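# any chance you could fold what I've pasted below:
(2 chains)
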Amino acid sequence: NAGVMQNPRHLVRRRGQEARLRCSPMKGHSHVYWYRQLPEEGLKFMVYLQKENIIDESGMPKERFSAEFPKEGPSILRIQQVVRGDSAAYFCASSPWTGNQETQYFGPGTRLLVL
Amino acid sequence: GENVEQHPSTLSVQEGDSAVIKCTYSDSASNYFPWYKQELGKGPQLIIDIRSNVGEKKDQRIAVTLNKTAKHFSLHITETQPEDSAVYFCAARVGSQGNLIFGKGTKLSVKP
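Residues are numbered from 1 along each chain as shown, chains lettered A, B, ... in the order given. Below is the predicted model of the structure:
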């Protein structure tokens, strides 16, 4: 059973460009979470999605950032007009069901560098 | 909202010694507490978790304890090995919300 997959693993963008980060959850998982990690810091929650629904986007900046998890295909985290402060590692996690207690499995991350 | 504090930020031990990492949380509604190990350049890997209806859980050399009254939980690694060297993160989850709140991490170095 393949784990959570993310691509690309590394992404370099110039200021003002768009960044698209993809996440394929583990087989059978229908819940996806995106987290951001700055150097030497812990992970910060951004957004929680189920298929075709955004459940909680309280951690995501209101501007330039968007996320989706379509019925078919991977979840996409999109950052428009990137700025240097967007440089970070972005991790996706998936879980098989929602409830009071669940386990999240993380992917290898996408390291975004904005020049 | 929930806040998770983690100590120490760095920990150096000799191979074979034990390592203890402690976390405190603020929201008494938190009911799930996982620990992740992150190696350089990789994603966090779940190593053990504990739920609020349990006070202690053990898996070989790794154990986690939870004190709900004091709102703190700890990771214990016994007989440490050089391959245990990594950054360890604690996390907490509140009620029915999906997201985890992470501590800032502990960089563990095990010297041979």
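
# only C-alpha atoms from now on, for both contacts and neighbour counts.
Noted.

# assign residue B:43 to helix, strand or coil.
Look at residue B:43: counting by DSSP: H, G, I helix; E, B strand; the rest coil, its state is coil.

# helix, strand, or coil at the closest residue to it other than its chain neighbours?
Spatial nearest neighbour of residue B:43, chain neighbours left out: residue A:108 (4.2 Å); criterion: C-alpha to C-alpha, 6 or more residues apart in numbering or on different chains. At residue A:108 the chain is in coil, as set by three-state DSSP.

# same check, this time on the one 3 residues further on
Secondary structure, three-state DSSP: residue A:111 is strand.

# that one touches residue A:10, doesn't it?
Yes - between residue A:111 and residue A:10 there is a contact under C-alpha atoms under 8 Å: 4.8 Å.

# which of these two has more residues huddled nearby?
In this view residue A:111 and residue A:10 are compared by other C-alpha atoms under 10 Å in any protein chain shown, and residue A:111 has more residues nearby, 21 against 13.

# roughly how far does that one sit from chain B?
In this structure, residue A:111 and chain B are 9 Å apart, going by C-alpha to the nearest C-alpha, to the nearest Å.

# for that residue, give me its contacts.
Contact analysis of residue A:111 by C-alpha atoms under 8 Å, 6 or more residues apart in numbering or on different chains lists A:9, A:10, A:11, A:87, A:88, A:89, A:90.

# could these go into CSV alongside distance to residue B:24 and pLDDT?
CSV is the format used below for these (distance: C-alpha to C-alpha, whole Å; pLDDT from 0 to 100):
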residue, distance to residue B:24, pLDDT
A:9, 33, 97
A:10, 34, 97
A:11, 35, 98
A:87, 29, 96
A:88, 26, 96
A:89, 25, 97
A:90, 25, 98
